[in-house]
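Peer 1: can you look at this prediction? I've put the sequence above it.
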Amino acid sequence: MSHQQPLSSSVQPTDIYGGDEVSALVLDPGYCNTRAGYAGEEMPKQVLPSFYGHINGRDVFGDEYIVPKPGFEVRNYMNRDSVVEDWDAATRMWEHVLVKRLQPERSTPPSKKGLNISDDGDVPMEDDGNNNEDAMDALEKPLAENPLLMTEAPWNSPKAREKAIEISMETWGVPAFWLSKTPVLAAFAAGKATALVIDVGGANTSVTAIHDGMVLKRSIQRSPVGGVWLSNQICRMWDGSEPKVDVVPRFMVESKKPVEAGAPAEANLRKFNFDIHPSFRAYEEERVLTEFKESVVEVWRGPQRFMTPGNEDAVRTQPGRVFEMPDGSNQMWREQRFRVSEGMWDESAAYNTTDEEGRVTKAQTIPALIKAALEGVDVDLRPNILGNVVVTGSTSLLNGFNDRLNHELAQMYPGVKIKIHAAGLTTERRFGAWIGGSILASLGTFHQMWISRKEYDENGAGIVEKRCK
């Protein structure tokens, strides 16, 4: 066997992708938002709602298009488990954010100016052969120069993973691809290769143990107790409060007058000569609920549970928070603002709901998820993992969340050194997985990891299961 000469540093091996000159793209799809941007940057350049508008058989993407219109429906391409449900819509949404919003406008050759462009700027797919080819070229090439790193939930199915690489390679023609799990990337963003990642997001909460950059599969725990569940709890609280609080979304208010706290609203509401679709109204109500979560709701810091006798009375003596609804009605919230989030930690404190989705069992509370996750981990690894607890996800930004988490962990694991790493900047907590992906895809040492186009052509979509563990 002849002695192989080592490659000189100027020659790139052909079977790996080493694209130094072009920045990779990072795409982090979630139930509430889809985040996209260039690797090596601190923040995603584009954050779009994963909800999109559907009207007259067409889909429109971006918050600016979600406005009241006849027959306008709001949909989501993901389900509440953060797994893609509608692949056609997902592909269009991702293409919209990666191509239309991130790529610079391409100059049209003079011969094509004004041709094959319809009124709304889309390239129509004509039956005419030449036009069809031109249109396909225009649509096929945009990502031919950018490797793509995509994130996924730790429980994503093999079929969905293969579909993601298929779309990226076949539809967009990316030169290289990688799929990474969100908790691993959130740990990387915090500078950790081994960690317990507590991700409290919009649709759900997950607790995952990471060891040396790998997800420990037996530790993966998830629960629907996230931002959407909290919105549901707020609605239950408003229904039961005296006087009952009605949610009037902002788009329905034409004008309002200031009123005293607790007094009925004095507002002129807009009249629409068409029916507002329930999905649109729900989307707009969620905006009001999000505002309430951000400005009023707080987590009881502990050490005991909020429902311990005497705690509610103590809170009633403290100053509360006033919240004004879009229609001008306003109210002071004291002990209720702690009670509404307490179900995350103590199932007995959750407001009873009629629908199954809103009900919380003990196993779905955050302390129970942490316990179950650690029980799925080797005993020797536990101290190291508890010394690196990474908190991420936008619902973890609730006031007092980290203090309560610290108390709960200290009670569950006395004598163990526990250290919580939670980014101070709200953007870093909201975009933890994206930032981790941005760091990973921009590392020089990561270039040998990409699944190259050549590998994909030789092995097919199944390569993603072998390589992206």
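Peer 2: That came in fine, so what should we check first?
Peer 1: all helices for the stretch 301-450 of the chain, in order.
Peer 2: Counting by DSSP state H, counting those that start in this stretch, the stretch 301-450 of the chain has these helices, from start to end: 311-316, 336-342, 366-375, 382-386, 401-412, 426-430, 432-441.
Peer 1: contacts for the fourth one next, please.
Peer 2: The list of residues contacting helix 382-386 from outside it, by C-beta atoms under 8 Å, 6 or more residues apart in numbering, reads 194-196, 209, 211, 374, 377, 409, 413, 416-418. Glycine gets a C-beta too; all of them are placed from N, C-alpha and C.
Peer 1: buried sites along that helix?
Peer 2: 382, 385-386 (16 or more other C-beta atoms under 10 Å).
Peer 1: list just the nearest of the residues you listed to residue 437.
Peer 2: Taking C-beta to C-beta as the measure, residue 437 lies nearest residue 385 of the buried residues of helix 382-386, at 22.0 Å.
Peer 1: most neighbours per residue, which of the helices of the stretch 301-450 of the chain?
Peer 2: Here the criterion is mean neighbour count by mean count of other C-beta atoms under 10 Å, and of these the winner is helix 432-441, at a mean of 27.
Peer 1: what strands flank whatever helix or strand comes next after that helix, and is each parallel or antiparallel?
Peer 2: Downstream of helix 432-441, the next assigned helix or strand under DSSP states H and E is strand 451-452. Partners of strand 451-452 in the sheet, by DSSP bridges, are strand 176-181 (antiparallel).
Peer 1: what distance separates the helix of greatest length in the chain from the centre of its chain?
Peer 2: Longest helix of the chain, by residue count under DSSP state H: helix 278-295. Put simply, helix 278-295 sits 17 Å off its chain's centre (C-alpha atoms, centre = their mean, to the nearest Å).
Peer 1: one step back: any of the contacts of helix 382-386 buried? List them.
Peer 2: Here, 16+ other C-beta under 10 Å leaves 194-196, 209, 211, 374, 377, 409, 413, 418 buried among the contacts of helix 382-386.
Peer 1: hang on, the earlier thing: let's see the longest helix of the chain as CSV, backbone CA atoms only.
Peer 2: The C-alpha trace of helix 278-295 is given here as CSV (Å, rounded to 0.1, in the frame of the first residue of the first chain):
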residue,chain,number,x,y,z
PRO,A,278,-61.8,33.1,15.8
SER,A,279,-58.2,32.2,15.2
PHE,A,280,-57.4,35.9,14.4
ARG,A,281,-59.2,37.0,17.6
ALA,A,282,-57.3,34.4,19.7
TYR,A,283,-54.0,35.6,18.2
GLU,A,284,-54.7,39.2,19.1
GLU,A,285,-55.9,38.3,22.6
GLU,A,286,-52.6,36.5,23.1
ARG,A,287,-50.8,39.8,22.5
VAL,A,288,-52.7,41.3,25.5
LEU,A,289,-52.0,38.3,27.6
THR,A,290,-48.3,38.5,26.7
GLU,A,291,-48.2,42.1,27.9
PHE,A,292,-49.9,41.1,31.1
LYS,A,293,-47.3,38.3,31.6
GLU,A,294,-44.5,40.7,31.0
SER,A,295,-45.6,43.5,33.3
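Peer 1: what's it packed up against?
Peer 2: On a contact count with 3 or more C-beta pairs under 8 Å, 6 or more residues apart in numbering; DSSP states H and E, helix 278-295 meets strand 73-76, helix 227-240, strand 321-324.
Peer 1: so who does residue 282 touch?
Peer 2: Residue 282 makes contact with residue 74, according to C-beta under 8 Å, 6+ apart.
Peer 1: so what's it scoring on pLDDT?
Peer 2: The model reports residue 282 with a pLDDT of 97.
Peer 1: for the one 5 residues further on, same thing?
Peer 2: According to the prediction, residue 287 has pLDDT 97.
Peer 1: burial measure for it, as a count.
Peer 2: Residue 287 has 16 neighbouring residues, counting by other C-beta atoms under 10 Å.
Peer 1: show me what contacts it?
Peer 2: By C-beta under 8 Å, 6+ apart, residue 287 lies in contact with 249-250.
Peer 1: mind checking which of the helices and strands packed on helix 278-295 is nearest residue 290?
Peer 2: helix 227-240 (7.6 Å).
Peer 1: state the mean pLDDT of the closest one.
Peer 2: Rounded mean pLDDT across helix 227-240 is 95.
Peer 1: now it against helix 278-295, angle please.
Peer 2: Between helix 227-240 and helix 278-295, the angle comes out at 90 degrees (axes from the mean of the first three to the mean of the last three C-alpha atoms, to 10 degrees).
Peer 1: please name every helix or strand in contact with helix 227-240.
Peer 2: If you count contacts as 3+ C-beta pairs under 8 Å, 6+ apart, helix 227-240 packs onto helix 278-295, helix 336-342.
Peer 1: next, format these as CSV and append distance to residue 252.
Peer 2: Formatted as CSV, the helices and strands packed on helix 227-240 follow (distance: least, C-beta to C-beta, whole Å):
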stretch, distance to residue 252
helix 278-295, 8
helix 336-342, 24
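Peer 1: so which of these comes closest to residue 306?
Peer 2: Across the helices and strands packed on helix 227-240, closest to residue 306 is helix 336-342 (C-beta to C-beta), at 4.6 Å.
Peer 1: quick one: contacts of that closest one?
Peer 2: For helix 336-342, the external contacting residues (C-beta under 8 Å, 6+ apart) are 230, 233-234, 237, 241, 296-300, 305-307, 312, 315, 320-321, 349-351, 398.
Peer 1: then that helix to CSV, C-alphas only?
Peer 2: Taking Å, rounded to 0.1, in the frame of the first residue of the first chain, the C-alpha atoms of helix 336-342 are listed here in CSV:
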residue,chain,number,x,y,z
GLN,A,336,-53.4,36.9,42.1
ARG,A,337,-50.3,37.7,40.1
PHE,A,338,-48.3,35.2,42.1
ARG,A,339,-51.1,32.6,42.2
VAL,A,340,-51.5,32.5,38.4
SER,A,341,-47.9,31.2,37.9
GLU,A,342,-47.8,29.0,41.0
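Peer 1: for it, the distance to its chain's centre please.
Peer 2: On C-alpha atoms, centre = their mean, the centre of helix 336-342 falls 24 Å from the chain's centre.
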